[in-house]
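K.L.:
Quick one, structure for this:
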Amino acid sequence: MVTSFLTDAKQLDSASVEVRASTAPNSKIEFVKVIVVGSPKGVVKIIHTLYRLGFAEVTEWSPPTPTANSGEVMSVMTRLVLLD
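P.N.:
Have a look, this model is predicted:
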């Protein structure tokens, strides 16, 4: 799990961040989905931390959606990236 950008690893509250990419062959642009999964409190805390760091607006994230695991939610945002 990536935590080096956080000032305090205890802020995670058992949330995790996952990055997956999807693109067409030979494309110069790519849609990247960032997924945060964890407790509702942990997911909100990560989203607010990423906002304070200038990564994404809070409104860019989907509403927290329950997962198959009890007490766990996920939120997703999609970012368009220009490839080198």
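K.L.:
Only alpha carbons, please: show stretch 55-66 as PDB.
P.N.:
Taking C-alpha atoms only, stretch 55-66 is exported to PDB below (Å, rounded to 0.1, in the frame of the first residue of the first chain):
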ATOM      1  CA  PHE A  55      -4.400  15.500  -5.900                       C
ATOM      2  CA  ALA A  56      -8.200  15.700  -6.500                       C
ATOM      3  CA  GLU A  57     -11.300  17.600  -5.500                       C
ATOM      4  CA  VAL A  58     -13.500  15.800  -3.100                       C
ATOM      5  CA  THR A  59     -16.400  16.100  -5.600                       C
ATOM      6  CA  GLU A  60     -14.400  14.100  -8.200                       C
ATOM      7  CA  TRP A  61     -14.800  10.900  -6.100                       C
ATOM      8  CA  SER A  62     -17.900   8.600  -6.400                       C
ATOM      9  CA  PRO A  63     -20.100   8.300  -3.400                       C
ATOM     10  CA  PRO A  64     -18.900   5.600  -1.000                       C
ATOM     11  CA  THR A  65     -20.400   2.200  -2.100                       C
ATOM     12  CA  PRO A  66     -20.600  -0.800   0.100                       C
END
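K.L.:
Use 50 as the first number for this chain going forward.
P.N.:
That works, and once the first residue is 50, the last one we named lands at stretch 104-115.
K.L.:
and that stretch, which residues are buried?
P.N.:
By 16 or more other C-beta atoms under 10 Å, the buried positions in stretch 104-115 come out as 109-110, 113. Just so you know, the C-beta spots here come from the backbone N, C-alpha and C atoms, and that holds for glycine as well.
K.L.:
Looking at those, which is nearest Val92?
P.N.:
Set against Val92, the nearest of those by C-beta to C-beta is Pro113 (5.5 Å).
K.L.:
So what's the residue count around Gly120?
P.N.:
Neighbourhood size, Gly120 [other C-beta atoms under 10 Å]: 10.
K.L.:
cool, Leu102 as well?
P.N.:
Quick note: Leu102 (other C-beta under 10 Å) scores 11 neighbours.
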